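# Requesting a structural model of the entry that follows:
(2 chains)
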Amino acid sequence: MPATTHDPEALGLTRVGGRPPLFVYLKEVIKRRDFIYSLAKFRIEAENQRNRLGLGWVLLKPLLNAAVFGLVFGTLMKSRQSTPDFLEFLLIGVFLFEFFSGSLGAGAKAITSNQALVQSLSFPRMSLPVSVVTQKFIQLVPTLGLLMLILIVMGHRPTFTWLLIVPLALLFYAFCLGMALVVARLTVHIRDLSNLIPFFTRFIFYTTGIFFSFDVRFATHPELVAAVHYQPVYAFLTLGRSILLDSSPIYDVNPQLWWIVSGWATGLLLVGIVFFWRAEERYGRVN
Amino acid sequence: MAESTDRRPVVIVDDIHVEYQVLATGKKATAADTKRSLGQRRRQMRTVHALKGVSFVAYEQDSIGVIGSNGSGKSTLMRAITGLTPTSKGEIWASARPSMLGVGAALIKDLSGARNVILGGLALGFTKSEIEALYDEIVDFSGIRKFIDLPMRTYSSGMTARLKFAIATVKDHEILIVDEALAVGDQAFRRRSEKRIREIRDNAGTVFLVSHSMSSIRDTCNRVIWIEKGVLKMDGDPDEVIAAYEANQR
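Residues are numbered from 1 along each chain as shown, chains lettered A, B, ... in the order given. As a prediction, this is how the structure comes out:
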């Protein structure tokens, strides 16, 4: 090797493959926002490209989902009589939960199912999970519009309180993004985990009170109802319902919930960002 | 190489080793796997030593052909230079982040070519307005304007390759790695793409060309590196190295 090359730094060269410091890294991610957003948008388009109804499915899917749950839980189970505004209760739960489960499932595969991309282009890998959750969020927004429309048709009067759904959705986005970042890295280490995600999602689904009200079902155990408030998905859903419905004391806004969801959202997002960033170099390894 | 020291070095590869831990099933184990399963699964673990101490220096305006038989470690070396594959020993220094000519993985087959030009450009690091300004240049170079609104899955493999090449080379890469990209496309497109590679090199860029086509290496490269079984076997003038390589192949 020629003598001049013994001190690469003096020649203005930098080392390849190092992980940039966290703030530099986050700046690079923000620089890629056009890519993140377009990838999210184009994926939605591609998913529906071969369907005749095209993007109509973005609205149809959650609606059919709600119809099935409404039919099953609304007619077969007793929840309907005991929970006021049961159908609305169910719709809000299903629509919001869809975003959570979608982000979790797709977030877990954000890196592992894009190995070819990760191995051929260099960009901050965080762009991939962010893009996936953004994709689900873009699908959530029209769903929420549809939800409000249904509520109005069913005789609910829109109030200014409904605007609070905007900060709630943003906090939910932050929460799901944090969650996706954590699972995106975990599945890189342990592939098997992606097989467990659906069971985890289902467990959360049945214990969050999508199709039954904790307040009604466990009215005799107030300490249990108080404890479940700290379960983040429950807190988000309950807050969503109390923003949009006001027909019963169970829909009274509990301001404490805002603290709980804000805490979960910021906490998990920070944890997710740091946790994901720390393994940045290894996402490109050949498996 | 002593005479080339007046040119600025842009890539320094200093005694790099790359090892993979591979599960004998063909699945590579991650570090977490290794820790957890040391006891019962050690028998199935195999270490593949893909690169065993490769060193060289690339200078600006170098156009380096990389040759070697299948599985010799060419692609691993290229991935290590781009930083996509971590090295287990040794260091790589570069004046700019080297990029692979491989935008293909970012594209979505169900979308039109037009959409994919935008998406590919964004994946390469352009902003939205930059890539919109370059859009026509890319489409013209690919020569498939007539089909640009059709979904990419309807393209022939040649058309797909042309579009990918057109997107990937629109960026002025300071250090560009081309891995077997020139083998596709018809004669006319091949000539145009070789010309484009020379242009990149002439703009003070450095190009690595991995190929099994000795003719395209002779046409585009001023230097050839021969990798065999993870070791750098020869480095120098294209005619000499290619002759030695071909003698060895027989």
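# gap between stretch A:25-44 and the chain center?
Offset of stretch A:25-44 from its chain centre (CA atoms, centre = their mean, to the nearest Å): 17 Å.
# What about residue 112, how many residues nearby?
The chain I'm using is chain A. Residues within reach of A:Thr112, counting by other CB atoms under 10 Å in any protein chain shown, total 16. Every residue, glycine included, has its C-beta placed from N, CA and C.
# meant chain B actually
B:Ser112 - counted by other CB under 10 Å - has 18 other residues nearby.
# Run through the bridge partners of it.
B:Pro151 (DSSP bridges).
# A:Leu55 versus that one, what's the distance?
Remark: distance between B:Ser112 and A:Leu55 (CB to CB, to the nearest Å) = 15 Å.
# following the helix or strand bottoming out on mean pLDDT in chain A, which helix or strand shows up next?
Scoring the helices and strands of chain A by mean pLDDT, DSSP states H and E places helix A:79-82 at the bottom, with a mean of 69. Later in the chain than helix A:79-82, the nearest helix or strand by DSSP states H and E is helix A:86-108.
# Which pLDDT value goes with A:Gly209?
With respect to pLDDT, A:Gly209 has a value of 83.
# Oh, that last question was meant for A:Asn65, not what I typed.
Per-residue pLDDT puts A:Asn65 at 82.
# so how many other residues sit close to it?
Neighbourhood size, A:Asn65 [other CB under 10 Å]: 15.
# List the buried residues in stretch B:223-238.
By neighbour count on 16 or more other CB atoms under 10 Å in any protein chain shown, the buried set for stretch B:223-238 is B:223-228, B:230, B:232-235, B:238.
# State the pair within those that is farthest apart.
B:Gly230 and B:Pro238 (22.1 Å; CB to CB).
# can you map out the strands along chain B?
Under the criterion DSSP state E, chain B contains strands at B:9-23, B:45-59, B:63-67, B:89-94, B:99-100, B:175-179, B:206-210, B:223-228, B:231-236.
# Of those strands, which is nearest A:Pro20?
In terms of CB to CB, the element of the strands of chain B nearest to A:Pro20 is strand B:89-94, at 14.8 Å.
# May I have the closest one as PDB, with CA atoms only?
What follows is strand B:89-94 as a C-alpha-only set of coordinates in PDB (Å, rounded to 0.1, in the frame of the first residue of the first chain):
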ATOM      1  CA  LYS B  89     -12.000  -7.500  10.700                       C
ATOM      2  CA  GLY B  90     -10.300  -4.700   8.800                       C
ATOM      3  CA  GLU B  91     -11.500  -1.300   7.800                       C
ATOM      4  CA  ILE B  92     -12.900   0.400   4.700                       C
ATOM      5  CA  TRP B  93     -12.500   4.100   4.100                       C
ATOM      6  CA  ALA B  94     -14.200   6.100   1.400                       C
END
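# Residues in contact with that strand: which ones?
A:8-9, A:13-17, B:10-17, B:53-55, B:80-81, B:83, B:175 (CB atoms under 8 Å, 6 or more residues apart in numbering or on different chains).
# Selection in PyMOL covering whichever of these are buried, please.
To isolate the buried members of the contacts of strand B:89-94 in PyMOL, using 16+ other CB under 10 Å:
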select buried, (chain A and resi 8+13+16+17) or (chain B and resi 10+11+12+13+14+16+17+54+80+81+83+175)
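# mind checking pLDDT for A:Ser38?
94.
# Run a quick neighbour tally on it.
So A:Ser38, with other CB under 10 Å, has 19 neighbours.
# Skipping its backbone neighbours, what lies nearest it in space?
With CB to CB, 6 or more residues apart in numbering or on different chains as the criterion, A:Ser38 has its nearest non-adjacent residue at 5.4 Å, and that residue is B:Leu122.
# which residues touch the one you found?
Going by CB under 8 Å, 6+ apart, B:Leu122 touches A:32, A:34-35, A:38-39, B:128, B:131.
# Of the residues you listed - the most surrounded one?
Among these, A:Phe35 has the most neighbours (other CB under 10 Å), with 28 neighbours.
# is it true that it touches B:Ala123?
Yes - using CB atoms under 8 Å, A:Phe35 is in contact with B:Ala123, at 5.9 Å.
# For those two, list the residues in contact with both.
Common contact partners of A:Phe35 and B:Ala123 (CB under 8 Å, 6+ apart): A:Phe123.
# what about the helices in chain B?
Remark: helices assigned in chain B by DSSP state H are B:31-41, B:74-82, B:113-124, B:128-142, B:157-169, B:187-202, B:214-220, B:238-249.
# what does the stretch 1-150 of chain A give?
Assigned by DSSP state H, counting those that start in this stretch, the helices in the stretch 1-150 of chain A fall at A:22-31, A:33-48, A:56-71, A:79-82, A:86-108, A:115-120, A:127-153.
# right, so these: which one is the most enclosed?
Highest mean neighbour count of the helices of the stretch 1-150 of chain A: helix A:86-108, a mean of 23 (counted as mean count of other CB atoms under 10 Å in any protein chain shown).
# Return the distance of that one from the chain's centre.
With CA atoms, centre = their mean, you get 9 Å for helix A:86-108.
# other SSEs contacting that helix?
Helix A:86-108 is packed against helix A:56-71, helix A:127-153, helix A:165-189, helix A:193-208, helix A:232-244, with contacts defined by 3 or more CB pairs under 8 Å, 6 or more residues apart in numbering or on different chains; DSSP states H and E.
# So which bits of the third one are buried?
Buried positions in helix A:165-189, judged by neighbour count with 16+ other CB under 10 Å: A:165, A:168-169, A:171-188.
# now that helix and helix A:127-153, what's the angle there?
Compare the direction of helix A:165-189 with that of helix A:127-153 by axes from the mean of the first three to the mean of the last three CA atoms, to 10 degrees and you get 140 degrees.
# low pLDDT regions in chain B?
Within chain B, the segments meeting pLDDT under 70 span B:1-5, B:22-45, B:102-103, B:180-185, B:204.
# Would you mind measuring from the closest residue to A:Leu147 other than its chain neighbours to chain B?
Once flanking residues are discounted, A:Leu147 sits nearest to A:Phe95: 5.4 Å by CB to CB, 6+ apart. For A:Phe95, the distance to chain B equals 26 Å [CB to the nearest CB, to the nearest Å].
# residues contacting A:Phe95?
A:62, A:66, A:140, A:143-144, A:147.
# For these, work out which two are farthest apart.
Spatially, the most separated pair among the contacts of A:Phe95 is A:Ala66 and A:Leu140, at 14.0 Å (CB to CB).
# List the contacts of the residue lying closest to A:Tyr37 once chain neighbours are set aside.
Leaving aside its sequence neighbours, A:Tyr37 sits nearest to A:Thr134 (CB to CB, 6+ apart; 6.4 Å). Neighbouring residues of A:Thr134 by CB under 8 Å, 6+ apart: A:36-37, A:40.
# Leaving out chain neighbours, which residue sits closest to B:Asp179?
Distances taken as CB to CB, 6+ apart place B:Val210 nearest to B:Asp179, at 4.5 Å, with adjacent residues excluded.
# is that neighbour in a bridge, and if so with what?
Bridge pairing for B:Val210 - DSSP bridges - gives B:Val66, B:Asp179.
# Contact partners for it?
If you count contacts by CB under 8 Å, 6+ apart, then B:Val210 has B:65-67, B:74-75, B:78, B:177-180 around it.
# Need those in a markdown table (columns: neighbour count).
Below are these laid out as a markdown table (neighbours: other CB atoms under 10 Å in any protein chain shown):
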| residue | neighbour count |
| --- | --- |
| B:Gly65 | 26 |
| B:Val66 | 23 |
| B:Ile67 | 27 |
| B:Lys74 | 25 |
| B:Ser75 | 22 |
| B:Met78 | 21 |
| B:Ile177 | 24 |
| B:Val178 | 28 |
| B:Asp179 | 18 |
| B:Glu180 | 15 |
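# can I get these in a markdown table with distance to A:Val253?
Converted to a markdown table, those look like this (distance: CB to CB, whole Å):
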| residue | distance to A:Val253 |
| --- | --- |
| B:Gly65 | 69 |
| B:Val66 | 65 |
| B:Ile67 | 70 |
| B:Lys74 | 63 |
| B:Ser75 | 59 |
| B:Met78 | 58 |
| B:Ile177 | 58 |
| B:Val178 | 60 |
| B:Asp179 | 58 |
| B:Glu180 | 62 |
